[in-house]
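K.L.:
Sharing a model prediction with you, sequence too.
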Amino acid sequence: MTLNFWKMNGAGNDFVMLDNRDLSLVLSGEVIARLCDRHRGIGADGLLCVEPAREGGDFRMRYYNADGGEAEMCGNGARCFGRFVNRLHEDGLTRVRFETLAGMISAEFEGDQVRINMSAPHGLTLGAVLPVGGEVLTVHSVNTGVPHAVVFVEDLEGVPVREWGAGLRYHEAFQPRGTNANFAKVVAPGSIAIRTYERGVEDETLACGTGMVACALIHHELTGAASPVSVLVKGGDTLRVGFTEVAPHEYSDVTLFGPADFVFQGSVTL
Ligand SMILES: N[C@@H](CCC[C@H](N)C(=O)O)C(=O)O
């Protein structure tokens, strides 16, 4: 079987993109992991499939991590998904709404930049004190479509992201589903820099969209910083997170604005 794909990235978080509008593709987790393998496959942090809508959207987005497991949402992937379906429609769309396991997402286009409007975050907690990798960390958490732990630090470059990230990802406080783990530094009020360890990639990635949103909201909670918050990611891009606080710890109109780029297209024989 020949599989046609596009490779895209959103701020360096990279994805294999598949058009499965006719639902002809049925890929096992093992095959997805092989496609995402950087040595034996195409290489990616995750894989996205376009499927037909079932619940009133224009399309349905399915997202799989590099390990082949399905996750509810991916912020960088959703921006790429928006541009990908726009290209499937000869760039004729101005706005697209798509269903995810974390709710309805909409995307709007400004050149190669995409703004997504995300579903409401939930489960925000502040200030858990947890032992991780021989240190005691102050850990905040929020689900922005997928679960995120957030730790603010002074020395971001000095953070052992793999060690602390894996420590949080498998910490008993976040079981049974685990968590993504973000380390953030305040650059100036309303401007932060972050590094993220992603569940399902089991490593640091160059950017994580839902992680940026989690860090921006926690930055607002801790300092009162106004929307939008600028977020500098490991890959060097700066993205913007917008939000409205509608009640204590409750948010609506959560947006993420940043790049979504095509890299190449190809085909593989399975
Ligand atoms: N890269 C993503 C998040 C993808 C899902 C995550 N690894 C998980 O398993 O929760 C993003 O840009 O949000």
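P.N.:
Good, I have the coordinates. This structure is a prediction, so every number in the text was calculated from the model and none was measured.
K.L.:
Export stretch 113-130 to CSV, keeping only CA atoms.
P.N.:
Listed next in CSV are the C-alpha coordinates belonging to stretch 113-130 (Å, rounded to 0.1, in the frame of the first residue of the first chain):
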residue,chain,number,x,y,z
GLN,A,113,0.6,32.1,10.4
VAL,A,114,-2.4,30.5,11.9
ARG,A,115,-4.5,31.5,14.9
ILE,A,116,-6.4,28.7,16.6
ASN,A,117,-9.2,29.2,19.1
MET,A,118,-9.0,26.4,21.6
SER,A,119,-11.5,24.8,24.0
ALA,A,120,-11.6,26.0,27.6
PRO,A,121,-8.8,24.8,29.8
HIS,A,122,-9.7,23.0,33.0
GLY,A,123,-8.2,21.5,36.2
LEU,A,124,-5.9,24.4,37.0
THR,A,125,-4.0,23.8,40.2
LEU,A,126,-1.2,25.9,41.7
GLY,A,127,1.8,25.3,43.8
ALA,A,128,2.1,21.5,44.4
VAL,A,129,5.5,20.7,46.0
LEU,A,130,6.9,17.6,44.5
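K.L.:
touching the ligand at all, it?
P.N.:
No - for a cut-off given as Cβ under 6 Å from any ligand atom, stretch 113-130 has no contacts with the ligand; the smallest distance is 9.6 Å. Yep, even glycine has a C-beta here, placed from its N, CA and C like the rest.
K.L.:
How far away from the center of its chain is that stretch?
P.N.:
Relative to its chain's centre, stretch 113-130 lies at 11 Å (Cα atoms, centre = their mean, to the nearest Å).
K.L.:
can you start the count at 28 instead of 1 from here on
P.N.:
In the new count, where the first residue is 28, that last one comes out as stretch 140-157.
K.L.:
If we go by neighbour counts, what in it is buried?
P.N.:
Using 16 or more other Cβ atoms under 10 Å as the test for burial, stretch 140-157 gives 140-148, 151, 157.
K.L.:
quick one: low-confidence parts of the stretch 178-297 of the chain?
P.N.:
By pLDDT under 70, the stretch 178-297 of the chain has no low-scoring segment.
K.L.:
Residue numbers of it in contact with the ligand?
P.N.:
207, 225-228, 235-237.
K.L.:
Tabulate the CA atom coordinates of the one helix or strand residue 283 maps to in PDB.
P.N.:
Using DSSP states H and E, residue 283 falls within strand 277-286. Taking Å, rounded to 0.1, in the frame of the first residue of the first chain, the C-alpha atoms of strand 277-286 are listed here in PDB:
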ATOM      1  CA  GLU A 277     -11.500  29.900  34.400                       C
ATOM      2  CA  TYR A 278     -10.700  31.100  30.900                       C
ATOM      3  CA  SER A 279     -12.400  31.500  27.600                       C
ATOM      4  CA  ASP A 280     -11.300  32.800  24.100                       C
ATOM      5  CA  VAL A 281      -8.000  31.000  24.400                       C
ATOM      6  CA  THR A 282      -6.000  31.500  21.300                       C
ATOM      7  CA  LEU A 283      -2.600  30.500  20.000                       C
ATOM      8  CA  PHE A 284      -1.000  32.400  17.100                       C
ATOM      9  CA  GLY A 285       2.100  31.300  15.300                       C
ATOM     10  CA  PRO A 286       3.700  29.600  12.200                       C
END
